[in-house]
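# Next input, structure requested:
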Amino acid sequence: MIENNHNQLYEGKDILNNLITYFAFAVPHLQEVKLNKLIYIAHLYHYSRYGRLLTHARFFSLGYGPHAPSIRSALKEQLERNAVYFEESQTSYDPVYSNPCLIIKPSLNRRQNLPALCLNTIEEVVEDWRDKDFQCILDYTTRTFPYLATTYREHIDFSIIEPSDSLRCALPLTQRLQLHRFVQAPEEVQDDNFTCGEALTVSIGELTEIYLALCGDLPDKIPSRENLGFNHQAVMNSIQLSDSYVPNPKAEHASILDQASRLTHALIDSMSFKNYSSRVALIAGMLFLKKNGYHFSIDLLEKSWPQSYLFSAIREWFYAIEARFTPKIYAGGGKPG
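Residues are numbered from 1 along each chain as shown. Alright, predicted model coming up:
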């Protein structure tokens, strides 16, 4: 058993070293900070697709996004082996970093040998991010929910997250701006089509952005370190509970209200978003209704709160304010199906 663990650790270290030389070959203008984020994306892609860790590198939730200190040691080792070298560049596409900067170059003009599944992942990462600048990569990594769900300075533990394609999803800026407007004034967001996440449902990315908006974080900035950390599994369970609700085909309008009530109650019960849990949950219920074709006439959260957070009270609240909603009429006539 000890020998087997030793072999696994060696294999993980070897893969990390080869990742560095692979990215050095495949990605232009590769700075160390960009390499660190690309290897995080590779871990995210690999775990979401195969449910396995790519290497043993431990990423932490830090102020400037996910970061693995062990990558610097692996890079130093590759430099000592002459597998890669630093080249001074007078141009940098990252205004945060002053010129000149050091970019990583491969010593050999060939890709390193990697296991087939690992190679599939890395090729996908290169295809998606090869030509993106660092700011774009940073924006993406700091909006992935494994990073956001992890408390500042804590280890981002992929193994406790259920692998799925949603792991690699992050809301683009346009949709984050839309959600922040909705949080500030739901009654004013009338004609926007909310297309983020699954159609007519609320995604974990949307819930996280609602939370960040309530915390005062700006949609185009890295979230504040004090706001990092929430119970991602509890959030996923709440979404799944709502999605598992089977609508009554004879009472479609009531079923949508019931489903919003279930989602809101489950999120409040999970207490996932610190002091903002109940408000996130209520706005999530409103967003669910908005995505299903309802408009708001006033700011309901400020003027009418549920009497309690029991399911019956939340359900009663949604039914009571139902008269203030106007179901959206589509071009073909009728309510959304």
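# For the closest residue to residue 238 other than its chain neighbours, give me its contacts.
The shortest distance from residue 238 to any non-neighbouring residue, by Cβ to Cβ, 6 or more residues apart in numbering, is to residue 266 (3.7 Å). No exception for glycine: its C-beta is placed from N, CA and C like everyone else's. Under the criterion of Cβ atoms under 8 Å, 6 or more residues apart in numbering, the contact list for residue 266 reads 237-238, 241-242, 281.
# Show me which of the residues you listed has the smallest pLDDT value.
Lowest pLDDT of the contacts of residue 266: residue 242, 74.
# I'd like the distance between that one and residue 317.
If you measure residue 242 against residue 317 using Cβ to Cβ, to the nearest Å, the figure is 16 Å.
# now do residue 123
For residue 123 relative to residue 317 (Cβ to Cβ), the value is 50 Å.
# residue ranges for the helices of the chain, please.
2-26, 32-50, 70-80, 116-129, 134-141, 145-148, 173-184, 204-215, 232-243, 252-270, 277-291, 300-303, 311-320 (DSSP state H).
# Residue 64 is nearest to which of those?
Shortest distance between residue 64 and the helices of the chain, using Cβ to Cβ, is found for helix 134-141: 7.2 Å.
# Hmm, residue 121 is touching residue 49, no?
Yes: assessed by Cβ atoms under 8 Å, residue 121 is found in contact with residue 49 at 6.9 Å.
# Where does the prediction get shaky in the stretch 51-200 of the chain?
Scanning the stretch 51-200 of the chain for pLDDT under 70 picks out 90-99, 109-112, 187-199.
# So for residue 121 and residue 49, which residue has more residues nearby?
Remark: of residue 121 and residue 49, residue 121 carries more neighbours, 24 against 17, as counted by other Cβ atoms under 10 Å.
# Columns distance to residue 68 and neighbour count on top of the contacts of residue 266, output as JSON lines?
Output for the contacts of residue 266, formatted as JSON lines (distance: Cβ to Cβ, whole Å; neighbours: other Cβ atoms under 10 Å):
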{"residue": "237", "distance to residue 68": "29", "neighbour count": "17"}
{"residue": "238", "distance to residue 68": "30", "neighbour count": "26"}
{"residue": "241", "distance to residue 68": "34", "neighbour count": "17"}
{"residue": "242", "distance to residue 68": "35", "neighbour count": "23"}
{"residue": "281", "distance to residue 68": "34", "neighbour count": "26"}
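# okay, those in CSV with distance to residue 153 next?
Shown next, in CSV, are the contacts of residue 266 (distance: Cβ to Cβ, whole Å):
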residue, distance to residue 153
237, 26
238, 27
241, 31
242, 32
281, 28
